[in-house]
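Colleague: Sequence isn't available, so here's the structure alone:
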Ligand code: FDA
């Protein structure tokens, strides 16, 4: 099956203003709201409550204040202020200090230097935090890695990057990041990509993921194995045990609302598992990517909309 076919469909839906309006009307505002399965809420208080519940299950978390592709410097500055507020609230709450963010949320499409300044403000304020820079579509891979390497070169050590197994270039990128000594989160890749840059078939993406995860375990620095795919998880477990790696030298990561059963069973087996907790009002593009990964989710959404209409 073409991994990209459903991504394409939901990418088109994500651009529909009508759908976006309907989603923001029904998606989060009632107890049956369908987006709530994947998004912890609209406010930082809701995210902190979700994070506390995750910690009480013995899991770790990273909070993502949703937003991307801002088109003006004032929006980028507002997003930066929001992140600073989130960092303060997390510190006050006394929960694990780990955030994920996107460079286009901080203004990368508008002005690269301003996006870097915004990121620096967050890195400097967020003392004791680990900040993961999410990877966006392949149009941003090079610039994201360039910015990451520049900040690493300037001595920032509380940052990590994401690499996507579906891109052909990732094997080379993985080597560069391993040579730096920086932390990688390995994902399959959530964006619709062309065959000039990315594998199109799920089997090819999975084979690339399996190769990359083994290398990361061999040479990486506290890699984050971010997948819900039990086959990939088993490959990682077997390879880590062949290498005699302790369960504290890597972690698994999964998205909020997906495979809670597997999250729990890995923790019971002694592994570290971090849950990616998205929250905020700008949830629609994130939500559409989750639908694109698993079209069966659409049934869940349609049932939600039908029950809202009653
Ligand atoms: P795969 O898609 O093969 O799914 C394996 C199984 O997991 C499915 O059979 C199903 O049981 C379950 N599953 C997967 N997705 C589901 C969904 N949406 N709803 C319900 N069940 C689902 N991508 C990116 O491009 N840049 C990034 O920065 C990140 N960041 C990130 C952080 C974390 C912590 C995770 C887990 C993932 C990301 N991703 C990402 C997303 C990633 O690229 C990928 O799209 C999803 O993880 C789905 O791929 P899987 O590896 O789970 O495999």
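Modeller: Structure received. Bear in mind that the values here come from a model prediction, so they are computed numbers and not experimental data. Numbers count the residues shown, from 1 in each chain.

Colleague: can we go C-alpha only for contacts and neighbour counts from here?
Modeller: Noted.

Colleague: in the stretch 51-200 of the chain, which ranges drop under the pLDDT threshold?
Modeller: Within the stretch 51-200 of the chain, no stretch falls below the threshold (pLDDT under 70).

Colleague: what does it have sitting close to the ligand?
Modeller: Residues of the stretch 51-200 of the chain lying close to the ligand (C-alpha under 6 Å from any ligand atom) are 134, 135, 136, 162, 187, 188, 189, 190, 191.

Colleague: let's see it at 8 Å
Modeller: Neighbours of the ligand within the stretch 51-200 of the chain, by C-alpha under 8 Å from any ligand atom: 102, 133-137, 162-164, 185-191.

Colleague: Restricted to strands, list the residues you listed.
Modeller: 133, 162, 163, 164, 185, 186, 187 (DSSP state E).

Colleague: looking at these, which has the most residues close by?
Modeller: residue 164 (28 neighbours; other C-alpha atoms under 10 Å).

Colleague: Verify the contact between it and residue 191 for me.
Modeller: No - using C-alpha atoms under 8 Å, residue 164 is not in contact with residue 191, being 9.5 Å away.

Colleague: mind listing the strands for the stretch 51-200 of the chain?
Modeller: 60-65, 98-101, 130-133, 159-164, 183-187 (DSSP state E, counting those that start in this stretch).

Colleague: Spell out which residues sit in contact with the residue of the stretch 1-150 of the chain found nearest the ligand, please.
Modeller: When distances are taken as C-alpha to the nearest ligand atom, the stretch 1-150 of the chain reaches nearest to the ligand at residue 134, 3.5 Å away. Residue 134 makes contact with 100, 101, 102, 103, 161, 162, according to C-alpha atoms under 8 Å, 6 or more residues apart in numbering.

Colleague: if you set the cut-off to 6 Å instead, what comes out?
Modeller: 101, 102, 162 (C-alpha atoms under 6 Å, 6 or more residues apart in numbering).

Colleague: Quick check: bridge partners of the last one?
Modeller: When bridges are called by DSSP bridges, residue 162 pairs up with residue 185.

Colleague: Can you give me the buried ones in whichever strand or helix holds residue 266?
Modeller: Using DSSP states H and E, residue 266 sits within helix 260-268. Across helix 260-268, burial judged by 16 or more other C-alpha atoms under 10 Å covers 262, 263, 267.
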